[in-house]
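Chemist: Below is the sequence, then the predicted model.
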Amino acid sequence: MTLAELGWNDDFAKAFTPYGKKGWEPARLIRDNKISYGALLDGGEELEVLMSGKVYHDASCDAELPAVGDWVAIDRGSSEDEPMIRARLMRQTCFSRKEPGKSSEEQVMAANVDVVMIVTDAGADYNPRRIERYFTLVERSGAKPVVLVNKSDLCDAQQNAEVRAEIEALSSEADVYVTSALRNEGLEVMKDYLKPGVAVTVVGSSGVGKSTLINQLLGEEWQWTSTVNELTGKGRHTTTARELIVLENGGILIDNPGIREVQMWTDEVTLRESFSDIEQLALGCQFHDCKHGGDKGCAIRVAVETGALDEERYGSFLKLDEEIEELKKRRKKRKMNVERRAKRDHRVKARNLADRIELEKLHRPDSESWAES
C-alpha cells in the first residue's frame, strides 16, 4: 500500500518537507482510540501512536487536535520509545459539525475527505430540513455531496421519485440516487466514487442502512446489523466509532456513528450561499434593511404568499441563521472567558515570581557583609 493509495498528494508532500528533514515519517490516522491513535504508514504498516505534548498544547481547541483522516508526522524514536505524533498537516478539507448540546466547540467528523455520502430514506427518516443542514456543512467542508435515498424497497416508486426530486432541488452540486441495500442497488453507486486515493465518508441517521451498505462493500460482516423495526423503519445497530478503511480495490472509506442531530458549524457566508435563491429574492425588497416580516415591499414575503418560495424552506433558513448567530455569541463568550482566565493566570504567575524573588533575597547573604566575614 502506497502513500498515494492513502490519499497522499503533492500538496501534502510539500507541507511535510520540514518534518521529513527531521527523520519523521508521514502517516494517516485511521482510528482514534481516545488515548492513542491507529496510523497507517507507507507500505501499509500500521502503528499505535501517541500524541506529543507539544501537539496537544499547540491546539487552541479540540477540533485542532489530530482526528481520523488527518495526515501526521510520526517520530518512531528509539526502539524503547512509543511512536509519537509530532505534527499534524494542514487539512485540505474538513467535514465537521457543532458538538451536540450547548457546547460551542467544533466536532471533526472526517478530515481530508473528498466525498460526503448522506444516507436517508423516503420514509420515516426523510427530513428535507435536515438534508439542507447536511448540504450547508458539506459545502463548507469543501467535499462533494452525494445522497443515497436508501431502502427504496420499503416505499413505492412514486414516493422514492418525489423525494429524489425534492433533494435535487435543494442543491445543484449534489448527486442523488435511489438505492436499496437489501437489493444491493447502492453498492455500484458507492464503487463509482471509491477510486484509489479518494476518501468517502458515510453519514446519516441510525438505522437508514449505512452499515448494511458498508458490509456489502467490504464483502464481509464488518459491522453487526440486526432486523429493521417495522414501525420506524430503523435498524438497531449503529456504528459506535469513526474508522478509516482502505479498500482492496481502491478507495478510502470513513464510517461515522449514526447522527441524531445535525448542529451547524458554519458561517453566514456559507449559509447564504446554500440559500442563494432566498438571497436573490431579497434583492427585490423595497428596503435594503428589510426584516422580511411585515415590512412594506418585502419580496420574500410575497414569494411565500404566492407559493414561489416554500414556506418551510424559508423557515429553515431563518432557524439556521438564528443558530449561527447563537453559536457566534457562545464562541465570543468562550473567547472572552479564555482570555480572562489567561490574564488571571498571568497575574498569578507574576505574583508568585515576585514572592519567590523576595524570598530568595531574604535567604541570600548580603554581599558586603559576607565579604567582610
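Modeler: Received it, and whenever you're ready, just let me know what you need. All figures in this text were calculated on a predicted structure; none of them were measured in a lab.

Chemist: What's the end-to-end length of stretch 189-205?
Modeler: 19 Å (CA to CA, to the nearest Å).

Chemist: Give me the distance from it to the chain's centre.
Modeler: 15 Å (CA atoms, centre = their mean, to the nearest Å).

Chemist: What are the buried residues along it?
Modeler: Buried residues in stretch 189-205, counted by 16 or more other CB atoms under 10 Å: 189-190, 193-194, 197-205. C-beta here means a position set from N, CA and C on the backbone, and glycine is covered the same way.

Chemist: Name the nearest residue to V49, sequence neighbours excluded.
Modeler: P83 (4.4 Å; CB to CB, 6 or more residues apart in numbering).

Chemist: surely the one you found meets A73?
Modeler: No - taking contacts as CB atoms under 8 Å, P83 lies outside contact range of A73: 10.9 Å.

Chemist: Which one's more surrounded, these two?
Modeler: Of the pair P83 and A73, A73 is the one with more neighbours under other CB atoms under 10 Å, namely 23 against 19.

Chemist: Next, work out how far apart the residue sitting nearest the centre point of the chain and N112 are.
Modeler: The centroid of the chain falls nearest to S96 when counting by CA atoms, centre = their mean (2.1 Å). In this view, S96 and N112 are 12 Å apart by CB to CB, to the nearest Å.

Chemist: And for E188?
Modeler: In terms of CB to CB, E188 sits 25 Å off from N112.

Chemist: Those two - which one has more neighbours?
Modeler: Per other CB under 10 Å, whichever of E188 and N112 has more neighbours is N112, with 28 against 10.

Chemist: Check what pLDDT the more buried one gets.
Modeler: Note for N112: predicted pLDDT of 96.

Chemist: Apart from its neighbours in sequence, what residue is nearest it?
Modeler: G69 (4.9 Å).

Chemist: which ones are touching the one you found?
Modeler: Contacts for G69 (CB atoms under 8 Å, 6 or more residues apart in numbering) come out as 28-29, 110-113, 199, 201, 244, 254.

Chemist: my guess is it is in a strand, correct?
Modeler: No - when classified by DSSP: H, G, I helix; E, B strand; the rest coil, G69 is found to be coil rather than part of a strand.

Chemist: Look up how far T212 lies from it.
Modeler: G69 is 23 Å from T212, by CB to CB.

Chemist: List the buried residues of stretch 28-39.
Modeler: 28-32, 36-39.

Chemist: I'd like those as JSON lines, with secondary structure, distance to E312 and pLDDT appended.
Modeler: Shown next, in JSON lines, are the buried residues of stretch 28-39 (DSSP: H, G, I helix; E, B strand; the rest coil; distance: CB to CB, whole Å; pLDDT from 0 to 100):
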{"residue": "R28", "secondary structure": "strand", "distance to E312": "41", "pLDDT": "97"}
{"residue": "L29", "secondary structure": "strand", "distance to E312": "39", "pLDDT": "96"}
{"residue": "I30", "secondary structure": "strand", "distance to E312": "40", "pLDDT": "94"}
{"residue": "R31", "secondary structure": "strand", "distance to E312": "39", "pLDDT": "91"}
{"residue": "D32", "secondary structure": "strand", "distance to E312": "37", "pLDDT": "89"}
{"residue": "S36", "secondary structure": "coil", "distance to E312": "46", "pLDDT": "90"}
{"residue": "Y37", "secondary structure": "strand", "distance to E312": "42", "pLDDT": "94"}
{"residue": "G38", "secondary structure": "strand", "distance to E312": "43", "pLDDT": "94"}
{"residue": "A39", "secondary structure": "strand", "distance to E312": "45", "pLDDT": "95"}
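
Chemist: what would the residues you listed look like in a markdown table with distance to L182?
Modeler: Below are those laid out as a markdown table (distance: CB to CB, whole Å):
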| residue | distance to L182 |
| --- | --- |
| R28 | 33 |
| L29 | 33 |
| I30 | 29 |
| R31 | 29 |
| D32 | 32 |
| S36 | 38 |
| Y37 | 35 |
| G38 | 32 |
| A39 | 36 |
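
Chemist: and which of these is nearest S316?
Modeler: Using CB to CB, D32 comes nearest to S316 of those, at 32.1 Å.

Chemist: wouldn't the closest one be in contact with R242 here?
Modeler: Yes - contact status for D32 versus R242: in contact at 6.6 Å, counting by CB under 8 Å.

Chemist: Name the residues contacting each of these two.
Modeler: Contacts common to D32 and R242, judged by CB under 8 Å, 6+ apart, are V68.

Chemist: Wasn't T120 part of a helix?
Modeler: No - if the criterion is three-state DSSP, then T120 is strand and not within a helix.

Chemist: in what helix or strand does I300 lie?
Modeler: helix 299-306 (DSSP states H and E).

Chemist: Just list what that helix packs against, helices and strands only.
Modeler: Contact partners of helix 299-306 among helices and strands, from 3 or more CB pairs under 8 Å, 6 or more residues apart in numbering; DSSP states H and E: helix 276-282, helix 311-363.

Chemist: Shouldn't the residue nearest to the centre of the chain be within a strand?
Modeler: Yes - remark: S96 belongs to a strand, assigned using three-state DSSP.
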